[in-house]
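# With the input below, show me the fold.
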Amino acid sequence: MLLVIDVGNTNIVFGVYKGKELLYNWRISSNKDRTSDEYGLLFDQIFKFNGLKVENVKDIIISSVVPPLMHTMPTMSRRYFNIEPLVVGPEIKTGIDIKYDNPKEVGADRIVNAISGYEKYGGPLIIVDSGTAITFDAVGKDGSYLGGVITPGIKISSEALFLRTAKLPKVEIAKPEKVIGKNTINSIQSGLVYGYIGMIDHIIKNIIKEMGYKEDKVNIIATGGFSNLVSSESKYIDVIDSLLTLEGLRIIYERNR
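I've put the predicted structure just below:
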């Protein structure tokens, strides 16, 4: 089996593949203060709960946007799986032409998503990843990575509103039934959810324009922890694919092993 691990700022999403089949996938909180031993024991317990054995994992690939965990997770892999993991970075073979001014600046998760999105859906393509940050990534018809947009995610905005105002409460991030809120909580929820839906569509519209294609010629895919919430009412998004990054890690693994 292949263990794929995507380390994000809020969650760590990981899964095991047998060939091209994803057997299991899980999501745990991303905690930069956890040690490699704590993560190792956590992974071991999750494997045992699902009737899996760590010794059946023959290889591991890791993508991370959290610098403190760039050492922790590979150490966990060596100690608890006895495997030297493949870590997505500048030296890795991706098979994608990155047209960023400095390709090393592009987050590993964005490249993984671009590869997976192009492989699964073809180009031209826009990927909207709704997590701690919301990223928009544009992929050309030939599969090249054109660039994109980064904006604070809905959770960051919610926390900032609570911390920077004297009277507004911290609310559950949920979609209210109506845009016009009849109480403070619903009003905040409306501003967060419907505000982000509007922002997402406006950015997508302008990316399509700059790419030079008609709207119906561009595949638009959403992924990430908040994708169902903020992308479900988008007029542009065609598909919500929550496992896009895991599939991308499998593809990159195959290109490098």
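# Under the pLDDT cut-off, which ranges of this structure? List them.
Along the chain, segments meeting pLDDT under 70 are nowhere present.
# Any figure for the gap between the residue positioned nearest the centre of it and Ile237?
Nearest residue to the geometric centre of the chain (CA atoms, centre = their mean): Gly224, 4.5 Å. As for Gly224, its distance to Ile237 is 12 Å (criterion: CB to CB, to the nearest Å). C-beta coordinates here come from the backbone N, C-alpha and C atoms, glycine included.
# Quick check: buried residues in stretch 64-81?
64-66, 69-70, 72-77, 80-81 (16 or more other CB atoms under 10 Å).
# Can I get these in CSV including secondary structure and distance to Met1?
Shown next, in CSV, are those (DSSP: H, G, I helix; E, B strand; the rest coil; distance: CB to CB, whole Å):
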residue, secondary structure, distance to Met1
Ser64, strand, 21
Val65, coil, 25
Val66, coil, 24
Leu69, helix, 22
Met70, helix, 23
Thr72, helix, 22
Met73, helix, 17
Pro74, helix, 18
Thr75, helix, 21
Met76, helix, 17
Ser77, helix, 14
Tyr80, helix, 15
Phe81, helix, 11
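# which of those lies closest to Val149?
Nearest to Val149 among the buried residues of stretch 64-81, counting by CB to CB, is Val65 at 16.1 Å.
# which non-adjacent residue is nearest the closest one?
Nearest residue to Val65, sequence neighbours excluded (CB to CB, 6 or more residues apart in numbering): Gly107, at 5.1 Å.
# Number of residues surrounding the one you found?
Using other CB atoms under 10 Å, Gly107 has 19 other residues around it.
# quick one, helices of the chain?
Using DSSP state H, the helices of the chain run over 36-49, 69-81, 108-121, 154-164, 184-211, 227-231, 244-256.
# Quick one: closest of the ones you listed to Ile5.
helix 69-81 (6.2 Å).
# and the nearest residue to Thr135 once chain neighbours are set aside, what does it touch?
Nearest residue to Thr135, sequence neighbours excluded (CB to CB, 6+ apart): Asp129, at 4.7 Å. Counting by CB atoms under 8 Å, 6 or more residues apart in numbering, Asp129 touches Asp109, Arg110, Asn113, Thr135, Phe136, Asp137, Ala222, Thr223, Gly224, Ser227, Thr245.
# what do you get if the cut-off is 6 Å, keeping everything else the same?
With contact set as CB atoms under 6 Å, 6 or more residues apart in numbering, Asp129 has these partners: Asn113, Thr135, Thr223, Gly224.
# Return the distance of stretch 146-158 from the chain's centre.
Taking the mean of its C-alpha atoms, stretch 146-158 sits 12 Å from the chain's own mean (CA atoms, centre = their mean, to the nearest Å).
# mind checking the end-to-end distance for that stretch?
30 Å (CA to CA, to the nearest Å).
# buried ones in it?
Leu146, Gly147, Gly148, Val149, Gly153, Ile154, Lys155, Ser157, Ser158.
# Ile28 and Gly19: what is the separation?
25 Å.
# Please say which of the two ends up with more neighbours.
Remark: of Ile28 and Gly19, Ile28 carries more neighbours, 14 against 9, as counted by other CB under 10 Å.
# Bridging across strands, which residues link to the closest residue to the more buried one other than its chain neighbours?
In space, not counting the residues next to it along the chain, Ile28 is nearest to Ile12; the distance is 5.2 Å by CB to CB, 6+ apart. Beta bridges link Ile12 to Val7, Ile28, judged by DSSP bridges.
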